[in-house]
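Enquirer: no FASTA, just this:
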């Protein structure tokens with residue numbers, strides 16, 4: 001199922017290493033693999049598949065190196081709209097509402113240009129995590145929402161990958177998750 005709209009979220013951004021479920025790996029150059037996973041969490045970081053309308057929710061996205069080879073990745077993991085310029089987002093969330101219609105976003109992200117400091121080597125089986133509030137999504141209609149995260153390094157001139165690593169630039173997506181909103 002292809003979801004048609006992404007959303008920009010600009011507040012309460014936290015990063016760090018953490019454990020999380022991994023999606024099926026995506027092949028990259030020479031057999032190296034990476035995966036992306038998405039889950040919805042509440043303000044305390046507890047996973048949620050059902051929430052009350054208006055409840056504070058966050059997206060938690062993991063980018064994992066599922067291989068035995070180091071990857072050169074854009075660690076900034078900026079969440080923005082899929083309609084934003086490719087250099088201004090690495091992650092975007094696609095959402096379909098209860099009537100299978102795209103959920104619009106209501107935020108504008110002001111993102112700077114990428115620098116060499118935005119890149120890092122992701123060692124085998126390590127992961128990066130980003131958490132963003134979902135307050136830019138309109139989740140006011142009760143029902144079931146379908147969500148999917150996508151990753152792509154959109155930098156047209158990334159820094160050279162260190163020897164022995166592979167630049168992860170391909171676009172790939174997480175498995176779909178659902179969220180039920182109740183009145």
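Expert: All right, it came through fine. What you are looking at is a predicted structure, and each value in this text was computed from that prediction instead of being measured.
Enquirer: what's the pLDDT at residue 177?
Expert: If you check residue 177, the pLDDT there is 97.
Enquirer: what about it, distance to residue 150?
Expert: Look at residue 177 and residue 150: by Cβ to Cβ, to the nearest Å, they are 13 Å apart. Placement of C-beta: from N, CA and C, glycine included.
Enquirer: Then residue 132?
Expert: For residue 132, the distance to residue 150 - Cβ to Cβ - is 14 Å.
Enquirer: okay, now residue 53: neighbour count?
Expert: 11 (other Cβ atoms under 10 Å).
Enquirer: and residue 132 and residue 150? which has more neighbours close in?
Expert: Neighbours per residue (other Cβ under 10 Å) separate residue 132 from residue 150, with residue 132 holding more: 24 against 20.
Enquirer: For that one, list each beta-bridge partner.
Expert: residue 59 (DSSP bridges).
Enquirer: Is it correct that it is in contact with residue 79?
Expert: Yes - between residue 132 and residue 79 there is a contact at 4.7 Å, judged by Cβ atoms under 8 Å.
Enquirer: If you count contacts, what does the helix or strand hosting residue 37 end up packed against?
Expert: With secondary structure defined by DSSP states H and E, residue 37 is part of strand 33-42. On a contact count with 3 or more Cβ pairs under 8 Å, 6 or more residues apart in numbering; DSSP states H and E, strand 33-42 meets strand 26-27, strand 57-65, strand 143-151, strand 172-173, strand 177-182.
Enquirer: Mind listing what's buried along it?
Expert: For strand 33-42, a neighbour-count test (16 or more other Cβ atoms under 10 Å) marks 33-41 as buried.
Enquirer: Any chance you could list what contacts the helix or strand just after that strand?
Expert: Using DSSP H and E, the next helix or strand after strand 33-42 towards the C-terminus is strand 50-52. For strand 50-52, the external contacting residues (Cβ atoms under 8 Å, 6 or more residues apart in numbering) are 40, 42, 57, 179-183.
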